[in-house]
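>>> my questions concern the predicted model and sequence given below.
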Amino acid sequence: MAIDPYAPIFVISVAAELAEMHPQTLRQYDRLGIVSPSRQGGRQRRYSQRDVEMLREVQRLSKDGVSLEGIRRILELENQVAALRARVTELQAELANTQRASEARRVFAAGIAGDVVSLARGQRPEPRSQALVVWRPQR
């Protein structure tokens, strides 16, 4: 059984050890809104595996010379991208369902010229007298 990566299970000392940081650094990141853990009863911070991964990413960006404000902005944009990707996936699934439902409701009929025409359910082909075009040469 896999552990939910978003389950808040680590206290601050364990999360700090896993992220190879000092607990005070984690408190500072929480105050700045960079990595905000869940809160349990008594206001105790609980970090998830995903939070620990984010802390490691913050550490990597910091070592690369990115400021804390820059790191906060990068993480914010990454969260927006993830949310937009999830929304695109939802919309693609909805579109596929709509197309499948639409195709199931399509009706085909023979046109006047013998071609196949697609009609909406309940729609009838135009009467022969209205749809038939007769070409007459000019005198």
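Cool, got the structure.
>>> just checking, residue 45 touches residue 12?
Yes - look at residue 45 against residue 12 with Cβ atoms under 8 Å: they come within range, at 5.0 Å. Yep, even glycine has a C-beta here, placed from its N, CA and C like the rest.
>>> can you pull out the strands in the protein?
Here the chain has its strands, by DSSP state E, at 38-39, 45-46, 107-110, 116-119.
>>> and the last one, what does it pack against?
Using 3 or more Cβ pairs under 8 Å, 6 or more residues apart in numbering; DSSP states H and E as the contact criterion, the secondary-structure elements in contact with strand 116-119 are strand 107-110.
>>> counting contacts, what elements does the strand it packs on pack onto?
Strand 107-110 packs on strand 116-119, going by 3+ Cβ pairs under 8 Å, 6+ apart.
>>> joint contacts of residue 45 and residue 12?
Common contacts of residue 45 and residue 12 (Cβ atoms under 8 Å, 6 or more residues apart in numbering): 26-27, 37.
>>> what subset of those residues is buried?
26, 37 (16 or more other Cβ atoms under 10 Å).
>>> make TSV from the shared contacts of residue 45 and residue 12 and add pLDDT and distance to residue 71 to it.
Shown next, in TSV, are the shared contacts of residue 45 and residue 12 (pLDDT from 0 to 100; distance: Cβ to Cβ, whole Å):
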residue	pLDDT	distance to residue 71
26	95	14
27	94	16
37	92	16
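>>> many thanks, we can stop here.
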